[in-house]
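Participant: Pasted the sequence and its predicted model underneath.
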Amino acid sequence: MVNLDKSVLTPAQNMAYLGLELDTLSMTARLSKDRRTSLLLAVRSAMTKPLVRVHLVRTVLGLMAAPHPVVRLGLLHMRRLQRWFSRLRCLGKWDGHRLISIPPQAHQDLLFWMDPALLMQGTPLDCVSNHVEVFTDASLTGWGGTLGHLAVGGAWDSLPSHINVLEMTPVQRVLLHFQARLKDSHVLVRSDNTTVVVYLNRRGGLGLPPSSQSGRDPAVGGPAPRLSQSATCVQGPQRRRGQNVPGTARLSSRFGHPVADLFASAENAQCPLWFSLRSSDGPPLRVDAFAHSSWLGGLLYMFLQPAF
């Protein structure tokens with residue numbers, strides 16, 4: 001059955017659907033006028049009152065969460081409020097009328113949502129077809145990451161105490177290192193840790209240490225103006241692209257930077273110049289390093305995969 005009250009029976013290029021305004025002329029989606037008004041009124045009420053009811057905080061969080069696909073970094077700018085509210089352990093409808101005081105640190109989230117221009121900005125409706133890929137990896141001895149043929153990494157000064165923090169730290173450091181090159185780009189972070197992927201796509205979480213929850217964290221929001229950022233889990237052969245970077249960084253710090261990688265492919269080259277066994281890889285040097293005696297002067301890198 002068709003619900004006539006919720007249907008638009010005439011062709012239109014601008015319509016409201018589930019609190020979103022869809023505009024096919026500008027190809028943007030933004031909050032509808034009614035939803036913007038409801039959100040601004042709820043946030044203003046929460047900010048101006050010294051004591052608010054639990055029900056109002058729940059309403060504000062719901063109004064923030066629903067439109068996050070069309071509000072850039074919307075999820076990130078509700079985490080402080082969420083973490084504080086989750087620690088209160090309010091029990092369902094029985095605590096709805098309980099009076100609570102919102103702490104000053106949570107007001108930073110509320111201020112973000114008080115900007116009408118930001119709520120009207122919206123996001124493009126078209127799909128992203130071209131990403132800048134960043135690969136990251138970590139081991140018990142070091143960390144590293146790659147952006148194209150550029151690599152960065154190093155050894156741990158002090159080993160992180162938890163595996164998820166161990167895998168998250170390289171993402172923060174690699175994005176910070178390459179932030180100038182990632183400006184105005186659609187960034188896709190590839191990691192072999194599913195917790196890191198979920199954390200990045202949800203713009204933070206409630207369980208990691210506060211140092212990883214900062215709004216200035218380059219992994220979840222970042223100071224550099226990127227068009228978008230998402231993450232995906234590395235599968236199969238793609239894992240090789242970043243997994244040798246910590247070892248490469250340690251070798252470079254001890255012996256110097258190699259000028260070429262002798263046995264590589266487009267997926268795992270550790271140097272800007274490299275040889276390959278396949279012409280389809282399009283190596284910057286030639287095919288089959290052993291077939292050429294005129295190698296470049298300087299240090300050469302080689303990683304042989306064990307046969308087991």
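Facilitator: Nice, thanks for sending it over. Numbers count the residues shown, from 1 in each chain.
Participant: what's the burial count for residue 136?
Facilitator: 32 (other CB atoms under 10 Å). The C-beta positions use only the backbone N, C-alpha and C, and glycine is treated the same way.
Participant: Surely it is in a strand?
Facilitator: Yes: according to DSSP: H, G, I helix; E, B strand; the rest coil, residue 136 belongs to a strand.
Participant: quick one: it and residue 168 touch, right?
Facilitator: No: judged on CB atoms under 8 Å, residue 136 makes no contact with residue 168 at a distance of 9.1 Å.
Participant: Hmm, residue 131 and residue 190 touching each other?
Facilitator: No: Residue 190 is beyond contact range of residue 131, at 9.7 Å (criterion: CB under 8 Å).
Participant: Between those two, tell me which one has more neighbours.
Facilitator: Using other CB under 10 Å as the criterion, residue 190 and residue 131 rank with residue 190 on top: 23 against 16.
Participant: who does the more buried one bridge with?
Facilitator: Beta-bridge pairing of residue 190 under DSSP bridges involves residue 135, residue 232.
Participant: in the stretch 101-250 of the chain, which spans are strands?
Facilitator: Assigned by DSSP state E, counting those that start in this stretch, the stretch 101-250 of the chain shows strands spanning 123-124, 132-138, 142-147, 150-155, 186-191, 228-233.
Participant: Distance to residue 92 and mean pLDDT added to the ones you listed, as a markdown table?
Facilitator: Compiled in a markdown table, the strands of the stretch 101-250 of the chain are given as follows (distance: least, CB to CB, whole Å; pLDDT from 0 to 100):
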| stretch | distance to residue 92 | mean pLDDT |
| --- | --- | --- |
| strand 123-124 | 34 | 82 |
| strand 132-138 | 40 | 87 |
| strand 142-147 | 43 | 87 |
| strand 150-155 | 48 | 85 |
| strand 186-191 | 36 | 86 |
| strand 228-233 | 33 | 80 |
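Participant: Nearest to residue 114, out of these?
Facilitator: Smallest distance to residue 114 across these (CB to CB): 19.5 Å, for strand 123-124.
Participant: contacts for that closest one?
Facilitator: 27, 28, 29, 30, 69, 70, 71, 72 (CB atoms under 8 Å, 6 or more residues apart in numbering).
Participant: Now do the helices in the stretch 51-200 of the chain.
Facilitator: 54-65, 79-86, 104-112, 116-121, 163-177, 194-201 (DSSP state H, counting those that start in this stretch).
Participant: what helices or strands is the first one leaning on?
Facilitator: Applying 3 or more CB pairs under 8 Å, 6 or more residues apart in numbering; DSSP states H and E, one finds that helix 54-65 contacts helix 33-48, helix 79-86.
Participant: Mean pLDDT added to those, as TSV?
Facilitator: Below are the helices and strands packed on helix 54-65 laid out as TSV (pLDDT from 0 to 100):
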stretch	mean pLDDT
helix 33-48	91
helix 79-86	88
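Participant: among those, which is the most enclosed?
Facilitator: helix 79-86 (a mean of 19; mean count of other CB atoms under 10 Å).
Participant: Extract the C-alpha set from that one and format it as CSV.
Facilitator: The C-alpha trace of helix 79-86 is given here as CSV (Å, rounded to 0.1, in the frame of the first residue of the first chain):
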residue,chain,number,x,y,z
ARG,A,79,31.7,11.7,21.2
ARG,A,80,32.5,13.9,24.3
LEU,A,81,28.8,14.2,25.1
GLN,A,82,28.3,10.4,24.5
ARG,A,83,31.2,9.4,26.7
TRP,A,84,30.1,11.6,29.6
PHE,A,85,26.5,10.4,29.3
SER,A,86,27.4,6.7,29.0
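Participant: From the chain's centroid, how far away is it?
Facilitator: Chain-centre distance of helix 79-86: 20 Å, with CA atoms, centre = their mean, to the nearest Å.
Participant: That helix vs helix 54-65, what angle?
Facilitator: 150 degrees (axes from the mean of the first three to the mean of the last three CA atoms, to 10 degrees).
Participant: Other residues contacting stretch 35-50?
Facilitator: With CB under 8 Å, 6+ apart as the criterion, stretch 35-50 contacts 19-20, 31, 52, 56-57, 59-60, 63-64, 66-67, 101-102, 107, 110-111, 113-114, 116, 119-120.
Participant: residues in contact with the helix or strand harbouring residue 16?
Facilitator: Per DSSP states H and E: residue 16 is located in strand 14-17. Here strand 14-17 makes contact (CB under 8 Å, 6+ apart) with 8, 21, 22, 23, 24, 25, 32, 34.
Participant: CSV for the strands of the stretch 101-250 of the chain, including distance to residue 269?
Facilitator: Output for those, formatted as CSV (distance: least, CB to CB, whole Å):
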stretch, distance to residue 269
strand 123-124, 33
strand 132-138, 12
strand 142-147, 9
strand 150-155, 9
strand 186-191, 16
strand 228-233, 21
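Participant: out of the ones you listed, which comes closest to residue 259?
Facilitator: strand 150-155 (13.6 Å).
Participant: Right, I'll call it a day here.
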